[in-house]
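>>> Prediction below, plus the sequence it came from.
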Number of protein chains: 2
Amino acid sequence: MQLTLYSDYSIRVLLYLATKNDSPATISEVAESFQVSRNHLVKVVHNLSINGYIRTTRGKKGGMTLGRSPELICIGELLRKTEPDFRIVDCLGSEPSRCPIDAVCGLKFILKGARDAFLKQLDQYTLLDITGNKEVLRPILIRSLPLSG
Amino acid sequence: MQLTLYSDYSIRVLLYLATKNDSPATISEVAESFQVSRNHLVKVVHNLSINGYIRTTRGKKGGMTLGRSPELICIGELLRKTEPDFRIVDCLGSEPSRCPIDAVCGLKFILKGARDAFLKQLDQYTLLDITGNKEVLRPILIRSLPLSG
């Protein structure tokens, strides 16, 4: 049971931007910093933008910045948007299940409860909680930037 | 985020056997009942047997039965054995992560907490909890058997 790379990368982009404060970042810069493919990040960034998590500005000094303060970016809420499939098993999806005992199965409610517990836990945290150690993250992620600022 | 079919099928096999009480079942029978591939079930059954969840007997009247009482088969414990990868993200795995902020990242502990909450929830339930409605399950799953017994 794993989150998709798509969700993983979405968090990394936001973490990078929070670490960089209000200074705009490019996709290439984030890709290079985490050593991941730039192509993978393009769609991630596009959807983060659509959902208001990031703001993009054009031009020579343009780039991405956070669309809201880190304390307003809830990890649980974010993952509900980025993860394409939180159904855990087929029968928790929106399409009708082909399992013959679907209508009378007690397992699905137990698994639903476990999924809810997973997300409830994540609802307690925001981007601020994972970037509280910005001074430590910054020299690792953003090597060209000064430590302060 | 989904469980593997392997875990899904493991639960279905046990649920089927619990529904059938102590009457032995064949792999083909379970496959037919749930309309899944027999081939998929062979490895599932093999590992359930290795882990003591089922007992197999040879011969004309042989087959699989539960290796322990349904109330002793904990869903959380079972999934820890069947799910090949509960790491949620790469950095929660046993191999060293390639993420540059691995050593200082706060996210992994948050995700670990969410995974633990997921499993803790499942630890509260046993196979008995999902087969308490045996009388309803039986005519759907085991059409050739009488309702009682």
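Happy to help now that I have it. Residues are numbered from 1 along each chain as shown, chains lettered A, B, ... in the order given.
>>> how about residue A:91, what does it touch?
Taking Cβ atoms under 8 Å, 6 or more residues apart in numbering or on different chains, we find residue A:91 in contact with A:97, A:99, A:102, A:105, A:108. For glycine as for every other residue, the C-beta is placed from the backbone atoms N, C-alpha and C.
>>> For residue A:97, see how far away it is.
Residue A:91 is 4 Å from residue A:97, where distance means Cβ to Cβ, to the nearest Å.
>>> what about the helices in chain A?
With DSSP state H as the criterion, chain A has helices at A:5-19, A:27-34, A:38-50, A:75-82, A:107-122, A:134-141.
>>> How many neighbouring residues does residue A:77 have?
Neighbours of residue A:77 under the rule other Cβ atoms under 10 Å in any protein chain shown: 16.
>>> Return the residues in contact with the closest residue to it other than its chain neighbours.
Nearest residue to residue A:77, sequence neighbours excluded (Cβ to Cβ, 6 or more residues apart in numbering or on different chains): residue A:123, at 7.1 Å. Applying Cβ under 8 Å, 6+ apart to residue A:123 gives the contacts A:74, A:75, A:76, A:77.
>>> can you pick the most crowded of those residues?
Neighbour counts for those (other Cβ under 10 Å) peak at residue A:75, which has 23 neighbours.
>>> My guess is that one contacts residue A:121. True?
No. Between residue A:75 and residue A:121 there is no contact under Cβ atoms under 8 Å: 9.3 Å.
>>> Look up the residues that both of the two are in contact with.
Shared contacts of residue A:75 and residue A:121 (Cβ under 8 Å, 6+ apart): residue B:110.
>>> wait, which of the helices of chain A is closest to residue B:37?
In terms of Cβ to Cβ, the element of the helices of chain A nearest to residue B:37 is helix A:107-122, at 20.1 Å.
>>> The closest one relative to helix B:107-122, how many degrees between them?
Helix A:107-122 runs at 150 degrees relative to helix B:107-122, counting by axes from the mean of the first three to the mean of the last three Cα atoms, to 10 degrees.
>>> quick one: contacts for the most far-flung residue of chain A relative to its centre?
In terms of distance from the mean C-alpha position of chain A, residue A:100 ranks first, at 35.8 Å (Cα atoms, centre = their mean). For residue A:100, the contacting residues are B:33, B:34, B:35, B:140, B:141, by Cβ under 8 Å, 6+ apart.
>>> which regions of chain A sit below the pLDDT cut-off?
A:143-149 (pLDDT under 70).
>>> Give me the domain ranges for it.
As assigned by automatic domain parsing, chain A contains the domains A:1-73+A:126-149, A:85-125.
>>> I'd like to know how far the residue lying closest to residue A:63 once chain neighbours are set aside sits from residue A:59.
Distances taken as Cβ to Cβ, 6+ apart put residue A:24 closest to residue A:63, at 3.0 Å, once the chain neighbours are dropped. Counting by Cβ to Cβ, the gap from residue A:24 to residue A:59 is 9 Å.
>>> quick one, which of these two is more surrounded?
Set residue A:24 next to residue A:59 and count neighbours by other Cβ under 10 Å: residue A:24 wins out with 16 against 7.
>>> residues contacting that one?
Residue A:24 is in contact with A:57, A:61, A:62, A:63, A:64, A:65, counting by Cβ under 8 Å, 6+ apart.
>>> Pick the one among these closest to residue A:112.
Of all these, residue A:112 sits closest to residue A:64, with 35.4 Å by Cβ to Cβ.
>>> Isn't the closest one up against residue A:46?
No. Using Cβ under 8 Å, residue A:64 is not in contact with residue A:46, being 10.8 Å away.
>>> what about those two, which has more around it?
With neighbours defined as other Cβ under 10 Å, residue A:64 and residue A:46 compare such that residue A:64 has more, 24 against 13.
>>> Next, give me the two most distant ones among the contacts of residue A:123.
Spatially, the most separated pair among the contacts of residue A:123 is A:75 and A:77, at 7.4 Å (Cβ to Cβ).
>>> burial of residue A:89, as a residue count?
Using other Cβ under 10 Å, the number of residues around residue A:89 comes to 21.
>>> doesn't residue B:8 make contact with it?
Yes. Applying Cβ under 8 Å as the test, residue A:89 and residue B:8 come out as touching, 5.4 Å apart.
>>> Thanks a lot, see you next time.
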